[in-house]
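J.: My questions concern the predicted model and sequence given below.
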Amino acid sequence: MVLVAGCSSWPLIETAPVKSETATYLIGPGDTVNIFVWGNQELSATVPVRPDGRITTPLVEDVQATGKTSTELAREMERHLSRYIKNPIVTVYVSGFFGRYQEQIRVIGEATEPKSMPYREGMTVLDAMIAVGGLTEFASGDNARLIRTIEGNQQQFRVRLDDLIKYGDISANAKLAPGDVLIIPEAWF
């Protein structure tokens with residue numbers, strides 16, 4: 001009983017601040033990028049971003065891609081290719097999204113399929129629960145907590161997953177922020 005009383009002292013997630021800045025997608029490890037070099041099909045390639053954050057394409061090796069927008073990467077590729085061709089025009093687009101490690105949403109514990117997933121602007125707790133297949137039969141959904149880093153400090157918030165999923169209480173559908181960790185405990189009985 002003491003444990004349950006302690007859990008209810010966490011603030012509800014609805015009170016957690018979420019930055020409302022315009023999202024710009026930054027390339028991360030695990031993403032797939034398509035490099036299109038106008039007029040030079042043999043230099044165009046679809047490549048994965050390696051765990052070290054770099055990519056390798058024809059004529060250009062080990063270019064840092066992580067943390068850049070597709071436009072920034074395209075301009076860098078143009079700089080590298082200008083040593084080999086005159087006035088290269090490069091377009092980069094991301095076709096396989098995984099996102100930067102520190103921005104991924106993680107759902108652990110009594111989710112049907114615990115996992116990390118890329119954060120998407122406007123993502124909510126319900127979106128994350130759909131992605132992990134919901135709760136297991138042993139989950140204590142209304143005792144779930146969300147860990148969020150706010151100004152360098154980790155804070156915990158209570159999330160009412162049972163209310164949201166089982167009873168359709170949409171007021172429990174809180175917005176997520178990049179880097180959130182959702183922990184779903186097992187019920188005691």
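T.: Yes, it's here. Residues are numbered from 1 along each chain as shown.

J.: Sketch out the strands for this structure, chain order is fine.
T.: 32-37, 45-48, 54-57, 60-64, 90-96, 105-109, 115-117, 144-150, 153-159, 181-184 (DSSP state E).

J.: Mind splitting the protein into its structural domains?
T.: 32-96, 104-184 (automatic domain parsing).

J.: Tell me which of those domains sits nearest to Thr24.
T.: domain 32-96 (5.9 Å; Cβ to Cβ). For every residue, glycine as well, the C-beta is placed using N, CA and C.

J.: Could you check how far the closest one is from the centre of its chain?
T.: From the chain centre to the centre of domain 32-96 is a distance of 23 Å (Cα atoms, centre = their mean, to the nearest Å).

J.: next one: phi and psi at the residue lying farthest from the centre of the chain?
T.: Here the chain reaches farthest from its C-alpha mean at Lys86, the gap being 37.8 Å by Cα atoms, centre = their mean. The phi and psi torsions at Lys86 (degrees, to the nearest 10) take the values phi -80, psi 130.

J.: residues contacting Phe36?
T.: Phe36 makes contact with Ser44, Val90, Thr91, Val92, Tyr93 under the criterion Cβ atoms under 8 Å, 6 or more residues apart in numbering.

J.: just the buried members of the residues you listed?
T.: The neighbour count (16 or more other Cβ atoms under 10 Å) marks Ser44, Val90, Val92 as buried among the contacts of Phe36.

J.: The second one is in contact with Glu78, isn't it?
T.: To tie it back to what came earlier, the one meant is Val90. Yes. Assessed by Cβ atoms under 8 Å, Val90 is found in contact with Glu78 at 4.9 Å.

J.: Specify the helix with the largest residue count in this protein.
T.: helix 70-81 (DSSP state H).

J.: Give the buried residues for that helix.
T.: Ser70, Leu73, Ala74, Glu76, Met77, Leu81.

J.: Does the second one touch Val92 like I think?
T.: Yes. Using Cβ under 8 Å as the test, Leu73 is close enough to Val92 to be in contact (4.8 Å).

J.: what sits in contact with each of the two?
T.: Val33.

J.: By mean pLDDT, point me to the weakest helix or strand of this structure.
T.: helix 2-7 (a mean of 39; mean pLDDT, DSSP states H and E).
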